[in-house]
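# I would like to see how this sequence folds:
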Amino acid sequence: MRPVACLAALLLVAAPTASSPRPRARDLGVPFPGTPGRWNAITDVPGVAVGHETIVAGEGKLVVGKGPVRTGVTAIFPRGREVDRPAPAGWFSLNGNGEMTGTAWLSESGLLDGPVLLTNTHSVGVVRDATIAWRVKHGPPDAEGYSWSLPVVGETWDGELSDVNGFHVKPEHVARAIESAKTGPVPEGNVGGGTGSICFEFKGGIGTSSRTIAAKRGGFTVGALVQCNCGRRPQLTIAGVPVGREIPEQPAYGEDADETGSILIVIATDAPLLPHQLTRVARRAAMGLARLGSISGNGSGDLFVAFSTADPAWDAGKRRYTASYLANDDLDPVFEAAVQATEEAIVNALVAAETMTGIDGKTVIALPHDRLRTALSKYGRLPRAQ
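Numbers count the residues shown, from 1 in each chain. I've put the predicted structure just below:
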């Protein structure tokens with residue numbers, strides 16, 4: 001989460017043009033285990049909706065308050081834009097050098113009350129407040145007549161590329177991210193809260209993926225969405241291949257820089273799970289991250305939240321919920337799906353991201369697709385049909 005000293009880099013890898021379609025990792029032949037859903041996105045979980053607001057402005061020398069700006073907001077809703085049906089949820093801090101608001105009440109209540117918002121480190125406050133304002137305006141009060149909210153807002157540092165101290169995220173940006181939330185395909189890469197992210201010293205950002213669980217094992221769907229801003233180049237491992245070592249050119253940071261950065265991971269499922277089980281699912285996101293080579297260093301804010309869209313039955317007369325939930329012995333397929341979806345979501349973020357130049361002319365290159373394929377082929381990991 002905290003900034004690190006870095007060296008400016010010369011652009012050695014050509015950036016894609018704005019008109020070039022951006023493939024996803026599977027399109028490049030990256031082999032992943034498991035079966036994705038229709039969109040291979042967190043929105044394959046019924047009801048889940050995602051919206052982004054991307055803020056890009058200015059070029060050249062950093063002038064605090066004026067830019068350049070490379071930031072934004074991402075909103076993830078468990079049930080569309082509904083605000084009156086909490087979702088069972090749990091969360092996990094793999095390393096806590098970061099911020100995710102609302103988690104004290106999430107841990108206490110076992111419920112996610114509203115959307116999860118992702119943004120930059122110094123915009124957590126305005127995003128939290130703007131989310132409350134939106135909910136007060138659009139949501140009904142509770143049974144006692146109160147309109148209150150403790151939203152979950154997470155952050156990653158984008159101050160390597162953006163004027164993070166200029167406070168460029170405004171309430172209207174938050175409202176637009178919320179209002180744009182929809183199901184279906186999810187934009188990835190340099191969008192929303194991940195606009196200014198750096199991942200394994202390539203350009204990072206937003207990525208997503210999903211897994212379907214066979215009917216005989218439950219028939220559920222698990223989806224992941226990441227805002228990845230973590231890792232050093234030599235660590236990057238994709239499909240077992242040391243991709244970072246195969247592509248050492250133009251690292252984003254200095255040779256002696258510490259492992260610093262952050263990643264936010266949101267896991268959604270329609271499997272009926274209790275909050276403590278969802279905390280267990282959130283922990284498994286760490287294993288998907290580890291498959292990419294991350295060590296979750298001291299300076300990293302690696303914060304994960306998991307929720308279920310399955311609804312318990314409410315008996316208003318008795319003021320009781322009746323919940324049906326999976327036995328612990330049946331959780332392994334959900335764990336496996338969470339690990340696989342997290343891993344692929346991070347690679348999708350890297351593949352979708354485009355080379356970006358930010359403050360003081362600092363350029364962070366995108367993961368070059370041809371070099372990725374060459375590395376996979378070298379180690380026998382590129383399918384022959386490719």
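# Please make it C-alpha for all contacts and neighbour counts, starting now.
Noted.
# I figured Arg70 was touching Ile198, is that so?
No. Judged on C-alpha atoms under 8 Å, Arg70 makes no contact with Ile198 at a distance of 11.6 Å.
# and for the two, which residues touch both?
Asp158 (C-alpha atoms under 8 Å, 6 or more residues apart in numbering).
# so how many other residues sit close to Thr374?
15 (other C-alpha atoms under 10 Å).
# name the element it belongs to?
Per DSSP states H and E: Thr374 is located in helix 369-378.
# Show the average pLDDT along the longest strand along the chain.
For the chain, the strand with the greatest residue count under DSSP state E is strand 69-81. Strand 69-81 shows an average pLDDT of 95 in the prediction.
# Show me what the residue most central in space within the chain is bridged to.
The chain has Val226 as the residue nearest its centroid, 1.8 Å off, counting by C-alpha atoms, centre = their mean. Counting by DSSP bridges, Val226 is bridged to Gly207, Ile265.
# gap between Leu350 and Thr221?
23 Å (C-alpha to C-alpha, to the nearest Å).
# Just confirm Asp163 contacts Leu62, I think it does.
Yes. The criterion here is C-alpha under 8 Å, and Asp163 meets it with Leu62 at 6.8 Å.
# hey, what's in contact with both of the two?
Common neighbours of Asp163 and Leu62 (C-alpha under 8 Å, 6+ apart) are 68, 359.
# In contact with Ala89, which residues?
Taking C-alpha under 8 Å, 6+ apart, one finds 106, 110-112, 274-275, 278-279, 305-308 in contact with Ala89.
# Next up, identify which helix or strand it is on.
Counting by DSSP H and E, Ala89 is part of strand 87-96.
# What strands line up against that strand, and which way round?
With DSSP bridges as the test, strand 87-96 pairs up with strand 111-112 (antiparallel), strand 299-308 (antiparallel).
# thinking again about what came up before, residues in contact with the residue nearest to the centre of the chain?
Taking C-alpha under 8 Å, 6+ apart, one finds 205-208, 263-266, 342, 345-346, 349 in contact with Val226.
# For the closest residue to Thr279 other than its chain neighbours, give me its contacts.
Distance criterion C-alpha to C-alpha, 6 or more residues apart in numbering; nearest residue to Thr279, sequence neighbours excluded, is Gly90 at 4.2 Å. Each residue near Gly90 by C-alpha under 8 Å, 6+ apart is listed here: 106-107, 110-111, 275-280, 282, 305-307.
# Weed out the non-buried ones from those residues.
106-107, 110-111, 275, 277-280, 282, 305-307 (16 or more other C-alpha atoms under 10 Å).
# For stretch 298-318, buried residues please.
Quick answer for stretch 298-318 (16+ other C-alpha under 10 Å): 299-312.
# hang on, Val97 packs against Ser300?
Heads up, residue 97 is Asn, not Val. Yes. Using C-alpha under 8 Å, Asn97 makes contact with Ser300 at a distance of 5.4 Å.
# Span of stretch 51-65 from start to end?
Using C-alpha to C-alpha, one end of stretch 51-65 lies 26 Å from the other.
# what residues are up against the nearest residue to Asn165 once chain neighbours are set aside?
Nearest residue to Asn165 in three dimensions, chain neighbours excluded: Val64, at 6.3 Å (C-alpha to C-alpha, 6+ apart). For Val64, the contacting residues are 163, 165-166, by C-alpha under 8 Å, 6+ apart.
# just the helices in the chain please.
103-109, 124-138, 171-179, 243-246, 275-291, 332-352, 369-378 (DSSP state H).
# If you count neighbours, what's buried in the shortest one?
If you call a residue buried by 16+ other C-alpha under 10 Å, then helix 243-246 has these buried ones: 243-244, 246.
# quick one on the thing from earlier: compare Asp163 and Leu62 and say which one has the larger neighbour count.
The residue with more neighbours, out of Asp163 and Leu62, is Asp163; 24 against 19, by other C-alpha under 10 Å.
# Which one of the contacts of Gly90 is nearest to His122?
Val305 (20.4 Å; C-alpha to C-alpha).
# The closest one and Ala282 touch, don't they?
Yes. Between Val305 and Ala282 there is a contact at 5.6 Å, judged by C-alpha under 8 Å.
# Need the overlap of contacts for these two.
Here Val305 and Ala282 have 90-92, 266-267 as joint contacts, going by C-alpha under 8 Å, 6+ apart.
# residue ranges with poor pLDDT in the protein?
1-21, 83, 140-146, 384-386 (pLDDT under 70).
# how about the residue of it most remote from its centre, phi and psi?
Among the C-alpha atoms of the chain, the one most distant from their mean position (C-alpha atoms, centre = their mean) is that of Gly317, at 39.9 Å. Torsion angles at Gly317 (phi, psi; degrees, to the nearest 10) stand at phi -60, psi -40.
# how near is it to Pro272?
Gly317 is 23 Å from Pro272, by C-alpha to C-alpha.
# ditto for Asp302
Applying C-alpha to C-alpha to Asp302 and Pro272 gives a distance of 25 Å.
# pretty sure Thr183 is touching Ala49, no?
Yes. In this structure Thr183 lies within contact range of Ala49 using C-alpha under 8 Å: 4.6 Å.
# Appreciated, that's everything.
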